[in-house]
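Colleague: Structure for this input, please:
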Amino acid sequence: MLPKQKISRARTRKRRSHHAKAAPNIADCPQCNSPKLPHAACENCGYVRPGLSLKIEKGS
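Modeller: Just a heads-up that it's a prediction; the model follows:
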């Protein structure tokens, strides 16, 4: 089926005004204060939560 009426560019763009991508939420690591994603292991020191940390191999 075809649309009944043309939808203008302005109306379409108004509807899509909330579709922009948001910047990722970044938190500081409590151990080394480097930026990391929340609920993820720190890439610098491997800290996850108290009592749990991952071993990070540094290299290329």
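
Colleague: Do a quick rundown of the helices in this structure.
Modeller: For the chain, applying DSSP state H gives helices covering 9-15.

Colleague: where in it is pLDDT low?
Modeller: 59-60 (pLDDT under 70).

Colleague: for it, what spans make up the strands?
Modeller: 27-28, 35-36, 47-49, 52-53 (DSSP state E).

Colleague: can I get those strands in a markdown table with mean neighbour count?
Modeller: Yep, even glycine has a C-beta here, placed from its N, CA and C like the rest. Shown next, in a markdown table, are these (neighbours: other Cβ atoms under 10 Å):
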| stretch | mean neighbour count |
| --- | --- |
| strand 27-28 | 12 |
| strand 35-36 | 16 |
| strand 47-49 | 14 |
| strand 52-53 | 12 |
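
Colleague: okay if I get the ones you listed as JSON lines plus distance to M1?
Modeller: Listed next are these as JSON lines, based on distance: least, Cβ to Cβ, whole Å:
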{"stretch": "strand 27-28", "distance to M1": "48"}
{"stretch": "strand 35-36", "distance to M1": "50"}
{"stretch": "strand 47-49", "distance to M1": "53"}
{"stretch": "strand 52-53", "distance to M1": "56"}
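
Colleague: among these, which is nearest H18?
Modeller: Comparison of the strands of the chain against H18 by Cβ to Cβ identifies strand 27-28 as nearest, at 24.7 Å.

Colleague: Determine the set of other helices and strands touching that closest one.
Modeller: strand 35-36 (3 or more Cβ pairs under 8 Å, 6 or more residues apart in numbering; DSSP states H and E).

Colleague: what residues are up against S53?
Modeller: Neighbouring residues of S53 by Cβ atoms under 8 Å, 6 or more residues apart in numbering: 41, 45-47.

Colleague: A23 is in contact with L37, correct?
Modeller: No: under the criterion of Cβ atoms under 8 Å, L37 makes no contact with A23, lying 11.9 Å away.

Colleague: Looking at those two now, which is surrounded by more residues?
Modeller: L37 (12 against 5; other Cβ atoms under 10 Å).

Colleague: how near is that one to K55?
Modeller: Going from L37 to K55 by Cβ to Cβ, to the nearest Å gives 19 Å.

Colleague: what residues are up against the residue nearest the centre of the chain?
Modeller: Centroid-nearest residue in the chain: P24, 2.8 Å away (criterion: Cα atoms, centre = their mean). Neighbouring residues of P24 by Cβ under 8 Å, 6+ apart: L37.
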